[in-house]
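*Asks:* next input, structure requested:
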Amino acid sequence: MSQPFPLRGAIGACALIALSACSGGSEEVKSDEPQGRTIHMSLGGTANAAERLSDPEELPMPGKIDPEDARWVRSGNGAQYGEPGMPPLIDIICVGGKVQATRHVPSDKGAEAMFAFVGYRGILRLQVSNDGTEWTGALDAKDPHWIAITGGPFYATVAGGGKVISPASSMLGEVVKSCRASTKDAATTA
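*Replies:* Numbering: from 1, shown residues only. Below you'll find the predicted structure:
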C-alpha cells in the first residue's frame, strides 16, 4: 500500500534538510595556516612528560600488566605477584581470618571501588579503598568466591589500575586455605 503523497513529500524534505545540515558547505577556506586544530594538553604538575616518566614515583602503574617474568612469591602469611626487582603488582595476605588483596597503583586518596578478580571458576568483586598509593580490601577467608584466584589463571582489575593477568598458582590456594585454618584455630582456642 502506498503512502499519501504529502507524507512521502514531508519525509523526503526532512531527509534533504538532514543531509544539508551534515554537509560542510561549499565555501573554500584559503589560509596559510595548516588546517585542523592543535590541542595542547597538560598531564598535571610542573615537570614535563619525559621527567615524569623517568620518576618512579610518578608512574601510573608499577611494571607491565602482563610481564613475562612475573611470578607469585611467598611472603610471610601471603604471596606477592610481580617482576623480580620491581614493586609488586598484587599482594594477597591473611589478616585476622580475612584474605586481604592489595593492588599497588596510585589513585585519588579516599576513593572507593571494586577490585574484580575474574577466573575460570568464578568471579570475586572485592570492595576496596585507596590511600593514594594502593587499593586495599579484605574478605572472610571462608568466602567461596576466593575460587576466582585459587581455581586457575585469572585477571584482576580495579578503577584506573589496568588489568593484571595472573597465571594459575597453587600458592594462592595455600594462602586462602591456611587463612581458613587460622580462623578455625582461633575459634577452638576461644
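*Asks:* please count neighbours and contacts with C-alpha atoms only from this point.
*Replies:* OK.
*Asks:* list the buried residues in the longest helix belonging to the chain.
*Replies:* The helix that spans the most residues within the chain, counting by DSSP state H, is helix 170-189. Neighbour counts using 16 or more other C-alpha atoms under 10 Å place Met171, Leu172, Gly173, Glu174, Val175, Val176, Lys177, Ser178, Cys179, Arg180, Ser182, Thr183 of helix 170-189 among the buried residues.
*Asks:* same check on stretch 73-82?
*Replies:* Val73, Arg74, Gly78, Ala79, Gln80, Tyr81, Gly82.
*Asks:* stretch 88-100: end-to-end distance?
*Replies:* 15 Å (C-alpha to C-alpha, to the nearest Å).
*Asks:* where in the protein is pLDDT low?
*Replies:* Scanning the chain for pLDDT under 70 picks out 1-64, 184-190.
*Asks:* what about the strands in it?
*Replies:* 71-75, 78-82, 90-95, 98-103, 112-119, 123-130, 135-140, 154-157, 163-166 (DSSP state E).
*Asks:* which helices and strands sit right next to the third one?
*Replies:* The elements that strand 90-95 packs onto, with contact taken as 3 or more C-alpha pairs under 8 Å, 6 or more residues apart in numbering; DSSP states H and E, are strand 78-82, strand 98-103, helix 170-189.
*Asks:* distance to Ala116 added to those, as TSV?
*Replies:* Listed next are these as TSV, based on distance: least, C-alpha to C-alpha, whole Å:
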stretch	distance to Ala116
strand 78-82	16
strand 98-103	10
helix 170-189	16
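*Asks:* is it possible to export the buried residues of helix 170-189 to TSV including distance to Gly152?
*Replies:* Formatted as TSV, the buried residues of helix 170-189 follow (distance: C-alpha to C-alpha, whole Å):
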residue	distance to Gly152
Met171	11
Leu172	10
Gly173	10
Glu174	13
Val175	14
Val176	14
Lys177	15
Ser178	18
Cys179	19
Arg180	19
Ser182	23
Thr183	24
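*Asks:* farthest-separated two in those residues?
*Replies:* Between any two of the buried residues of helix 170-189, the greatest separation by C-alpha to C-alpha is 18.6 Å, found for Met171 and Thr183.
*Asks:* hmm, back to that, in the buried residues of stretch 73-82, find the pair that's most separated.
*Replies:* Gly78 and Gly82 (13.6 Å).
*Asks:* okay, the buried residues of stretch 73-82 in a markdown table with distance to Ile90 next?
*Replies:* Below are these laid out as a markdown table (distance: C-alpha to C-alpha, whole Å):
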| residue | distance to Ile90 |
| --- | --- |
| Val73 | 11 |
| Arg74 | 12 |
| Gly78 | 11 |
| Ala79 | 8 |
| Gln80 | 6 |
| Tyr81 | 5 |
| Gly82 | 7 |
